[in-house]
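**Student:** coords please:
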Amino acid sequence: MEVGLMQGYHMTFRKFMAATCDPAYVINFKLNVGEVAVFDNRRILHGRSAFDASSGHPLLKGFYVDRGEFDSRIRLLKKATG
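**Tutor:** Residues are numbered from 1 along each chain as shown. Next comes the predicted model:
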């Protein structure tokens, strides 16, 4: 791959990453015990901030759902609920 193309890519990527720190594009929230956050990993940049170690250990689990299976389930639920 040509060097100029990669330099352009890296410059654009750095600008994008800097923009993600802009408060206008950041949503912060705290999950309570038993809550879960679900999002489309293809369409969102996500992360987590620090936690209070005295409050217990953080538990972060990830899972993947096949998009076709998810879309099929949504169609079935819509059909069943009219």
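
**Student:** what stretches of this protein score poorly on pLDDT?
**Tutor:** Residues of the chain meeting the criterion pLDDT under 70: 1, 41-46, 57-60.

**Student:** Apply 50 and report the result again.
**Tutor:** Within the chain, the set of residues satisfying pLDDT under 50 is empty.

**Student:** residue ranges for the helices of it, please.
**Tutor:** 3-20, 67-81 (DSSP state H).

**Student:** Those helices: which one's closest to Val36?
**Tutor:** Go through the helices of the chain one by one with Cβ to Cβ and the one that ends up closest to Val36 is helix 67-81, at 15.3 Å. Where C-beta positions appear, they are placed from N, C-alpha and C, glycine not excepted.

**Student:** Convert that closest one to CSV, retaining C-alpha atoms only.
**Tutor:** As requested, the backbone C-alpha atoms of helix 67-81 are provided in CSV (Å, rounded to 0.1, in the frame of the first residue of the first chain):
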residue,chain,number,x,y,z
ARG,A,67,-27.5,-10.1,12.5
GLY,A,68,-29.8,-12.4,10.5
GLU,A,69,-31.0,-14.2,13.6
PHE,A,70,-31.7,-10.9,15.3
ASP,A,71,-33.6,-9.5,12.3
SER,A,72,-35.6,-12.7,12.0
ARG,A,73,-36.6,-12.6,15.6
ILE,A,74,-37.8,-9.0,15.3
ARG,A,75,-39.9,-10.0,12.3
LEU,A,76,-41.5,-12.9,14.1
LEU,A,77,-42.2,-10.8,17.2
LYS,A,78,-43.8,-8.0,15.0
LYS,A,79,-45.9,-10.7,13.3
ALA,A,80,-47.0,-12.3,16.6
THR,A,81,-48.0,-8.9,18.1
